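Visitor: predicted model, plus sequence, below.
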Amino acid sequence: MLPYQNLHQAEAALGRELTVAEKLWFNYSANKPDYLLHYHNILFLVLVYSTAPLPYMFIELSRSKKIEKHKIQSKVKNSFQDMLKCYKDVMRTFIVVVGPFQLSSYPLIKLTGIRTGLPLPSGREMFWQLIVYFLIEDYTSYWVHRLLHSNWGYEKIHHLHHEYSAPMGFAAPYAHWSEILILGVPAFLGPALVPGHITNYWLWFVLRQVEAIEIHSGYDLSWSPTKFIPFYGGAEYHDYHHYVGRRSQSNFASVFTYCDYLYGTDKVSPAFDNDVENINLLHAPAT
Ligand SMILES: [Zn+2]
Ligand SMILES: [Zn+2]
């Protein structure tokens, strides 16, 4: 909720005219309590989980020869029913765990100092904060993911995410409820350490989920804009991790490749050398 009665008061407080985006934000958020703005994140997550995998779903169902050459595990074909089942499972976990967790986490968000008022952040501020969030999340989730591949972690928790050895977009958030909560910590760490504006907080979660859906899509699309991001792992990179499954000891990172390179987990396990031939891995990890 903004501490101004009207636009003039806001402009007087800022000592300048509001930008178009700030006027829109004022009109939208002036009378909304902060907790309600925080809860928007739940809607955005549902929207992303429900819509971002759809283009991949249509690609998969089209069975187009042109697109099929981009399919990483080309022998695996998912039906509409397969995808619908995965989506329903994800939504069930979301309703039972993620939603209530988001609802109850507001006091924590408030503590971090994520702001909701004016001025809105500049594009530069948003960009650098997002870079920091991605780096923090990538590094910490790398280590969490490695722990989840311990015998105990895999058997009790992580095996569920690996049920899809050939992942699909809808399977990105398909995981044990406790894994979703555990991996929420690395995602939340960036905004907690470098708090910004709530609009950037929303954007961060949306981008991170879109990225997760892309790397689980099962397609390595050569025209994807993410190809221009330095050290970006991508779909093929993560698909290999799923393909190897339980015994996977490589490709742990969720976004970039540098952690796997630094800590020596960018290597294919010798036991799987031959398996690489069975899938369309264009850039298989080093042997
Ligand atoms: Zn894993
Ligand atoms: Zn995965």
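Guide: All right, it came through fine. Ligands and ions are numbered 1, 2, ... in the order given.
Visitor: contacts, neighbours, all on C-alpha from now
Guide: Will do.
Visitor: give me the next element, helix or strand, following the helix or strand that contains Leu207.
Guide: With the criterion set as DSSP states H and E, the secondary-structure element containing Leu207 is helix 198-215. Beyond helix 198-215 on the C-terminal side, the first helix or strand identified by DSSP H and E is helix 234-244.
Visitor: packing partners of that next one?
Guide: Applying 3 or more Cα pairs under 8 Å, 6 or more residues apart in numbering; DSSP states H and E, we find helix 234-244 packed against helix 198-215.
Visitor: what's in contact with the helix it packs on?
Guide: Counting contacts by Cα atoms under 8 Å, 6 or more residues apart in numbering, the residues outside helix 198-215 that touch it are 37-38, 40-41, 44-45, 48-49, 52-53, 114-116, 126, 130, 133-134, 168-173, 187, 191, 234-239, 254-255.
Visitor: and the helix holding Leu207, how far from the chain's centre?
Guide: Per Cα atoms, centre = their mean, to the nearest Å, the displacement of helix 198-215 from the mean C-alpha position of its chain is 5 Å.
Visitor: what angle separates the longest helix seen in the chain from helix 198-215?
Guide: For the chain, the helix with the greatest residue count under DSSP state H is helix 123-148. Calculated by axes from the mean of the first three to the mean of the last three Cα atoms, to 10 degrees, helix 123-148 forms an angle of 50 degrees with helix 198-215.
Visitor: begin at 6 from here
Guide: In the new numbering, first residue 6, that becomes helix 128-153.
Visitor: mean confidence score for helix 128-153?
Guide: Averaged over helix 128-153, pLDDT sits at 97.
Visitor: beyond it, next helix or strand please.
Guide: helix 156-161.
Visitor: can you list the low-confidence ranges for the stretch 56-205 of the chain?
Guide: Within the stretch 56-205 of the chain, no range satisfies pLDDT under 70.
Visitor: strands of that one, residue ranges please.
Guide: Assigned by DSSP state E, counting those that start in this stretch, the strands in the stretch 56-205 of the chain number zero.
Visitor: which parts of it are helices?
Guide: If you assign secondary structure with DSSP state H, counting those that start in this stretch, the helices in the stretch 56-205 of the chain sit at 59-67, 70-73, 85-98, 104-109, 111-117, 128-153, 156-161, 182-198, 203-220.
Visitor: list of residues touching the second one?
Guide: The list of residues contacting helix 70-73 from outside it, by Cα under 8 Å, 6+ apart, reads Ile64, Ser79.
Visitor: and with 6 Å instead?
Guide: In this structure, no residues lie in contact with helix 70-73 by Cα atoms under 6 Å, 6 or more residues apart in numbering.
Visitor: roughly how far apart are the closest residue to Gly174 other than its chain neighbours and Val215?
Guide: Residue nearest to Gly174 in three dimensions, not counting chain neighbours: Ser222, with 4.1 Å by Cα to Cα, 6 or more residues apart in numbering. Between Ser222 and Val215 the distance, using Cα to Cα, to the nearest Å, works out to 10 Å.
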